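Trainee: this is the structure alone, sequence omitted:
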């Protein structure tokens, strides 16, 4: 199936991808709690016609000493609250908020995301996650995380319930007729009355059907369970693919699985992360990266790497000059990211020291350090080789990394005809080319 010649672009808006970039004098160290800082980032991305901004999240502090001392990200806003504020400060850009299915309840999230969709006039999206840290479990009265497959089973049922709640009311159910005194046509109300393995929910939802039908469903699945979940339910799929080869394989696998479920290729958009370090010359770009390195202590590097590898090894006790093994013990955390990182290390014959630095710089995403032309080349090649439908841009530092990308890389992409210059629709679904879902309880003619 033919797709658009123009790539989609999102922006990861919280923190910056480099954990200690907050030490840069040009980065506001208290930006995580400054709505004006986020407004500047969101409006800059909107001025460049980005499709959406994206807020990652975890309902816990995931670090331990000494990493917790020096790493950014523990004093930020809750995503739906932040995006609700930004909905009144932006006009067209999509708003993607992360919320876990492991520790929320479906009714709460159905109501919150429907509210965000109304506040933003149809620009909301839900990044569906299943949680990945024991520290989260301990904040919700549990000793440990449920196992990986159980979390995905609950997530699948969770999303089914939320869709059912969003479909409580037909689109024209609320007549609000002042003359007759009829506010809502209850013949167009559909009680969910759901009974499943994890949830028992009657309904109805106490808000009208969202403007988009459903807020856009975003997911990041790369384990076997995650890929199956994304192929079934994801409309935008985030992924970490540090090489073109791995990206092509993931793209083909996920699209094939989605097709087997009767889904269209252009209704499942794959958007890997990219960390661009932009300089007017290649030397300038590498100087920027070296400056970021100068802010980071080795204990922070190893702590971050331990976490992304699934907390199954203590990197402070390994010989950093030894080669990374092909396998590590299986983790109950981010199984897919562990595999991506180990595969990349094996392909590049990394020592532990090299892998630790790579994780600190990129978190396993595609990282390109160079001129605007070089970064645009990498993005266009990835797009044209069918390894991406677009990118989730993860600047290393804010606001400078975003400003560099908008002012230097976006014009290059437009010059090549690969990125738009204006918004084409009013809702996020329209701008992404996604169909508005029909109400499952309404018989279609």
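Mentor: That came in fine, so what should we check first? Keep in mind the model is a prediction, meaning the values are calculated, not measured.
Trainee: wait, residue 270 sits on residue 254?
Mentor: Yes: in this structure, residue 270 is within contact of residue 254 by CB atoms under 8 Å, at 6.2 Å. All C-beta atoms are positioned from the backbone trio N, CA, C, and that covers glycine.
Trainee: now stretch 89-109: buried residues?
Mentor: Within stretch 89-109, the residues that count as buried by 16 or more other CB atoms under 10 Å are 90, 92-104, 106-107, 109.
Trainee: next one: stretch 23-41
Mentor: 23-24, 27, 31-32, 37-38, 40-41.
Trainee: contacts for it, please.
Mentor: 11, 13-16, 21-22, 53, 72-73, 75-77, 82, 85-86, 89, 291-292, 295, 397-400, 402 (CB atoms under 8 Å, 6 or more residues apart in numbering).
Trainee: quick check: which ranges of the protein have low pLDDT?
Mentor: 1-2, 15, 62-74, 332-334, 445 (pLDDT under 70).
Trainee: determine the longest helix present in it.
Mentor: helix 148-166 (DSSP state H).
Trainee: how about the secondary structure of the residue nearest to residue 100 when sequence neighbours are not counted?
Mentor: Using CB to CB, 6 or more residues apart in numbering and skipping residues adjacent in sequence, the residue nearest residue 100 is residue 131, 4.6 Å away. Secondary structure state of residue 131, per DSSP: H, G, I helix; E, B strand; the rest coil, is coil.
Trainee: touching, residue 231 and residue 267? I think so.
Mentor: No: counting by CB under 8 Å, residue 231 stays clear of residue 267, with 11.2 Å between them.
Trainee: those two: who's more crowded?
Mentor: Each of residue 231 and residue 267 has its neighbours counted (other CB atoms under 10 Å); residue 231 has more, 22 against 14.
Trainee: can you tell me how far that one sits from residue 314?
Mentor: 36 Å (CB to CB, to the nearest Å).
Trainee: also residue 225?
Mentor: Counting by CB to CB - residue 225 and residue 314 are separated by 27 Å.
Trainee: which of those two has more residues huddled nearby?
Mentor: residue 225 (20 against 9).
Trainee: out of everything not next to it in sequence, what's closest to the more buried one?
Mentor: residue 152 (4.3 Å).
Trainee: show me what contacts that neighbour?
Mentor: Residue 152 neighbours (CB under 8 Å, 6+ apart): 130, 225-226, 229.
Trainee: hey, where'd the strands end up in the stretch 1-150 of the chain?
Mentor: 8-12, 52-55, 94-100, 124-129 (DSSP state E, counting those that start in this stretch).
Trainee: residue 58 is in contact with the residue nearest to residue 100, correct?
Mentor: Yes: using CB under 8 Å, residue 131 is in contact with residue 58, at 7.5 Å.
Trainee: neighbour-wise, which of those two wins?
Mentor: The residue with more neighbours, out of residue 131 and residue 58, is residue 131; 22 against 17, by other CB under 10 Å.
Trainee: can you list phi and psi of the more buried one for me?
Mentor: phi 70, psi 150 (degrees, to the nearest 10).
Trainee: now it: how far from residue 125?
Mentor: Applying CB to CB, the value for residue 131 to residue 125 is 19 Å.
Trainee: residue 420 too?
Mentor: For residue 420 relative to residue 125 (CB to CB), the value is 18 Å.
Trainee: what does residue 75 give?
Mentor: 24 Å.
Trainee: list the buried residues for stretch 131-140?
Mentor: 131-137.
Trainee: same check on stretch 167-179?
Mentor: Of the residues in stretch 167-179, those buried (16+ other CB under 10 Å) are 167-171, 173.
Trainee: kindly check the end-to-end length of that stretch for me.
Mentor: Stretch 167-179 stretches 27 Å from its first residue to its last (CA to CA, to the nearest Å).
Trainee: stretch 283-303 too?
Mentor: 29 Å.
Trainee: stretch 235-246 now?
Mentor: 21 Å.
Trainee: for stretch 18-34, same thing?
Mentor: Start-to-end, stretch 18-34 (CA to CA) is 19 Å.
Trainee: that one: how far from the chain's middle?
Mentor: 21 Å (CA atoms, centre = their mean, to the nearest Å).
Trainee: contacting residues around residue 162?
Mentor: 106, 109-110, 113.
Trainee: same check, this time on residue 53
Mentor: Residue 53 neighbours (CB under 8 Å, 6+ apart): 10-11, 13, 41-42, 45, 83, 86, 93-96.
Trainee: now it, nearest residue through space, not along the chain?
Mentor: In space, residue 53 is closest to residue 13, 4.5 Å off (CB to CB, 6+ apart).
Trainee: the one you found touches residue 44, doesn't it?
Mentor: No: contact criterion CB under 8 Å: residue 13 and residue 44 do not qualify, at 10.4 Å.
Trainee: confirm residue 417 sits in a strand?
Mentor: No: counting by three-state DSSP, residue 417 is not part of a strand but coil.
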